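1. Below are the sequence and a predicted model; questions follow.
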Amino acid sequence: MRLTRLFTIASAVLALLVCGMLGRLLWGEWEHYRAAGTGHHTLQLMQRAMVAAEKLSYERGPVNAVLGDRMPADPARRARLLRARADTDLALDQLRQDLSQASGQPSTALAPLYDALGAARLTVDQLAALPPAERTPERLDAAIERMFQLVPLALNTVTSYTRASEQVYPRIARILMKARLTVELREFAGRLGSALTVPLAAPRPLTEADHQRLQFLRGRIEQLRQLIKIPSSDIDSEPRVLAAVARMDEVYFAAGQRLVAEVEQASRAGRAYGMDTGQFAQRYVPCMAPILALRDVLLQEAQTQALQDYEAARRELVLALLVGAAILLALTLLLAIVRRRVVVPLLRATRAVVRLGNGDFSMPPSGARRDDEIGDMLRALATLRANSMDRQRLEQERVRLIEELKLRADTDYLTGILNRRAFTAAGNLRLRGAREQDESLAVILFDVDHFKSVNDSYGHDAGDQVLIRIAEVVRDSLRDGEIVARYGGEEFVVMPTYCGLEAARALAERLRAAISHEPLTLADGHILRVTASFGVAVAHGPHAALDDLFHAADLALYRAKRNGRNRVESQV
Ligand SMILES: Nc1nc2c(ncn2[C@@H]2O[C@H](COP(=O)(O)OP(=O)(O)OP(=O)(O)O)[C@@H](O)[C@H]2O)c(=O)[nH]1
């Protein structure tokens with residue numbers, strides 16, 4: 001797998017793993033934050049439901065007062081009942097609104113309670129409209145029982161929300177439990193007061209059943225009191241909570257219970273009660289207020305803790321977001337650095353090595369100044385490149401020298417045209433071609449006339465200049481395929497392309513004329529004119545040999561010399 005691909009896949013896998021991990025972490029924190037928000041809201045709902053239950057309990061006091069009223073009815077008692085009902089309705093409406101808001105649609109959770117409340121109020125109103133004599137104990141019991149049934153309906157709502165809050169806030173579950181117990185305590189305290197409604201309204205002495213009922217309710221109330229007092233969390237030792245509990249003991253369990261005991265004692269002694277239902281309620285109901293005050297203190301503590309949890313969850317979510325963003329940023333930076341500092345230089349180095357292997361030095365390795373392992377590698381690569389370039393240069397020099405040597409082996413050192421060895425080789429090749437193609441091959445041998453006198457008169461260097469110039473003149477006069485060589489001393493040989501004797505003679509004549517007409521200017525300014533004598537020979541047929549051809553040309557040249565020089569002779 002290519003390194004870039006491997007790096008891309010590794011980066012993607014790493015990024016996925018980190019994102020997954022961060023996603024899981026953030027999701028957990030988000031859930032915690034959302035649950036804390038929902039739980040906080042639920043706690044508020046629970047508080048509302050408790051208030052509604054309390055108002056329903058409270059409404060029974062004015063109901064008892066109205067039911068125990070004589071004729072004509074006391075307008076103050078009526079007005080208090082209407083106020084109590086309005087308070088209950090307001091509390092229920094607020095609870096209904098909050099429930100609707102929480103579920104996002106109109107809530108029907110309180111429908112059974114509303115129905116029962118409407119029916120109970122109707123029963124109370126119908127009974128209150130009757131003359132006191134017709135308000136029989138059975139009718140009064142039935143009306144009060146209907147009112148009793150309302151509180152459990154409201155408390156069901158309280159109970160379900162208490163559980164919901166406890167799930168989100170296990171830490172404050174014990175506080176909520178105690179708040180719930182105070183609501184129950186208030187309810188049973190209310191029932192204790194209501195148990196005296198009928199005897200006070202009649203008025204009549206308490207029956208044995210009344211006593212038993214009072215005994216049962218007192219037992220339940222004492223049980224709830226003990227449960228509330230059991231230390232279960234740090235909150236129990238909070239000064240505010242301790243003060244609220246002491247106030248409840250002092251007001252309800254001392255003054256409130258004493259009032260109930262007074263009625264009981266009066267009944268046992270056969271004395272008049274000295275108060276009717278309304279007067280009793282007026283004294284008894286305020287005694288229950290500290291129970292609700294304790295509930296409110298506990299709920300406030302629960303709210304405070306829930307708010308702290310909500311804030312803590314929010315802080316943790318923000319912190320997790322920041323940490324997540326920092327991790328992603330660090331990972332991105334790390335991958336970018338690894339890519340820039342390791343992967344890219346490695347790829348460039350690889351490309352440079354591959355090019356070096358192919359003899360291409362056009363890509364110098366960059367970053368060799370780096371002070372790390374990659375820098376070491378790039379420096380080694382630069383050294384390798386320099387060495388390879390040196391080696392290539394040496395190799396080219398060697399090839400050039402070999403070619404030069406080869407050229408020198410084939411070239412005459414003075415004139416630069418072919419030497420005798422190279423001409424013999426070329427001549428033999430061409431002779432073989434002539435034999436194969438059944439062609440004629442000619443040789444023109446010529447020799448500078450009286451050359452010794454040139455040397456003698458102007459010096460050996462001047463003689464050399466003459467030889468160089470004659471070679472130039474002849475070379476310039478030849479066409480492609482016609483070869484000229486220095487055969488030795490002042491003797492030259494020309495081999496035309498395949499041709500017969502006449503064509504060779506014509507060429508020899510042209511060369512002779514070119515040499516004789518060319519004025520030769522020496523280095524010292526002297527102008528010379530030299531001539532040359534030419535011998536031409538032609539070979540043909542399967543048995544033609546180069547030596548024979550030269551020999552024949554040499555004989556013709558000899559004849560040209562003998563016949564006066566500066567002329568062309570051919571074999572006979
Ligand atoms: N400067 C110079 N002279 C050379 C070279 N090779 C041969 N010679 C001279 O060429 C002369 C040839 O002289 P000869 O063989 O007597 O012939 P010639 O004087 O040309 O007279 P003919 O050939 O009969 O016309 C000699 O003096 C050689 O020394 C050379 O490379 N350079």
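-> Good, I have the coordinates.

2. hang on, Ala73 packs against Asp125?
-> No: contact criterion C-beta atoms under 8 Å: Ala73 and Asp125 do not qualify, at 11.6 Å. All C-beta spots, glycine's among them, are computed from the backbone N, C-alpha and C.

3. low-scoring stretches of the stretch 351-500 of the chain, by residue?
-> Applying pLDDT under 70 to the stretch 351-500 of the chain flags the ranges 365, 367-368.

4. Apply 80 and report the result again.
-> 361-370, 407 (pLDDT under 80).

5. ditto for the stretch 51-200 of the chain
-> Looking along the stretch 51-200 of the chain with the criterion set at pLDDT under 80, you get 68-72, 102-103, 155-174, 176, 198.

6. 50 instead, please
-> Counting by pLDDT under 50, the stretch 51-200 of the chain shows no low-confidence range.

7. Report the contact partners of the residue lying closest to Leu25 once chain neighbours are set aside.
-> In this structure, Leu25 finds its nearest non-sequential neighbour in Ala320, 5.7 Å apart by C-beta to C-beta, 6 or more residues apart in numbering. Contacts for Ala320 (C-beta atoms under 8 Å, 6 or more residues apart in numbering) come out as Leu25, Leu26, Glu29.

8. immediately after the helix or strand harbouring the second one, which helix or strand?
-> With the criterion set as DSSP states H and E, the secondary-structure element containing Leu26 is helix 3-67. The first helix or strand that comes after helix 3-67 along the chain, using DSSP H and E, is helix 75-103.

9. Tell me the first helix or strand C-terminal of that following helix.
-> helix 111-129.

10. The residue of the chain found nearest the ligand: what's it in contact with?
-> Closest approach of the chain to the ligand (C-beta to the nearest ligand atom) occurs at Gly463, with a separation of 2.5 Å. Counting by C-beta under 8 Å, 6+ apart, Gly463 makes contact with Phe451, Val454, Asn455, Glu490.

11. Quick one: name the residues of the stretch 401-550 of the chain near the ligand.
-> 447-452, 455, 460, 463-464, 467, 489-490 (C-beta under 6 Å from any ligand atom).

12. For these, give me JSON lines that also has distance to Met147 and secondary structure.
-> As requested, those are exported to JSON lines (distance: C-beta to C-beta, whole Å; DSSP: H, G, I helix; E, B strand; the rest coil):
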{"residue": "Asp447", "distance to Met147": "158", "secondary structure": "strand"}
{"residue": "Val448", "distance to Met147": "156", "secondary structure": "strand"}
{"residue": "Asp449", "distance to Met147": "161", "secondary structure": "coil"}
{"residue": "His450", "distance to Met147": "163", "secondary structure": "coil"}
{"residue": "Phe451", "distance to Met147": "158", "secondary structure": "helix"}
{"residue": "Lys452", "distance to Met147": "162", "secondary structure": "helix"}
{"residue": "Asn455", "distance to Met147": "158", "secondary structure": "helix"}
{"residue": "His460", "distance to Met147": "154", "secondary structure": "helix"}
{"residue": "Gly463", "distance to Met147": "154", "secondary structure": "helix"}
{"residue": "Asp464", "distance to Met147": "149", "secondary structure": "helix"}
{"residue": "Leu467", "distance to Met147": "150", "secondary structure": "helix"}
{"residue": "Gly489", "distance to Met147": "154", "secondary structure": "coil"}
{"residue": "Glu490", "distance to Met147": "155", "secondary structure": "coil"}
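
13. Buried ones only from those residues, please, as a PyMOL command.
-> Listed next is the PyMOL selection for buried residues among those, using 16 or more other C-beta atoms under 10 Å:
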select buried, resi 447+448+449+451+455+463+467+490
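
14. how does the chain divide into domains?
-> Domains of the chain are assigned by automatic domain parsing as 3-320, 364-410, 415-570.

15. now the helices for the stretch 401-550 of the chain?
-> All helices of the stretch 401-550 of the chain, identified by DSSP state H, counting those that start in this stretch, fall at 420-437, 451-458, 460-477, 501-517, 546-562.

16. so can I have CSV of those helices showing distance to Tyr284?
-> As requested, the helices of the stretch 401-550 of the chain are exported to CSV (distance: least, C-beta to C-beta, whole Å):
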stretch, distance to Tyr284
helix 420-437, 145
helix 451-458, 161
helix 460-477, 147
helix 501-517, 156
helix 546-562, 155
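
17. residues touching Gly416, list them.
-> Here Gly416 is in contact with Ile468, Ala471 (C-beta under 8 Å, 6+ apart).

18. And it, how close does it get to Lys406?
-> Applying C-beta to C-beta, to the nearest Å, the value for Gly416 to Lys406 is 15 Å.

19. And for Asp548?
-> Applying C-beta to C-beta to Asp548 and Lys406 gives a distance of 29 Å.

20. which parts of stretch 71-83 are buried?
-> Those would be Asp74, Arg77, Arg80, Leu81, for stretch 71-83 by 16+ other C-beta under 10 Å.

21. Run the chain-centre distance for it.
-> Relative to the centre of its chain, stretch 71-83 is centred 74 Å away, using C-alpha atoms, centre = their mean, to the nearest Å.

22. If you tally nearby residues, what's the number for Leu418?
-> For Leu418, the neighbour count with other C-beta atoms under 10 Å is 22.

23. hey, what's the closest residue in space to it that isn't next to it in sequence bridged with?
-> Leaving aside its sequence neighbours, Leu418 sits nearest to Ala485 (C-beta to C-beta, 6+ apart; 3.9 Å). In this structure, Ala485 bridges to Leu418, Val493 when assessed by DSSP bridges.

24. what's the burial count for Ala485?
-> Close neighbours of Ala485, defined as other C-beta under 10 Å, add up to 25.

25. Surely it is in contact with Leu478?
-> No: the criterion here is C-beta under 8 Å, and Ala485 misses it with Leu478 at 11.4 Å.

26. what's around Glu491, how many residues?
-> Glu491 has 17 neighbouring residues, counting by other C-beta under 10 Å.

27. Hmm, it is touching Phe451, no?
-> No: between Glu491 and Phe451 no contact is recorded; they are 9.4 Å apart, counting by C-beta under 8 Å.
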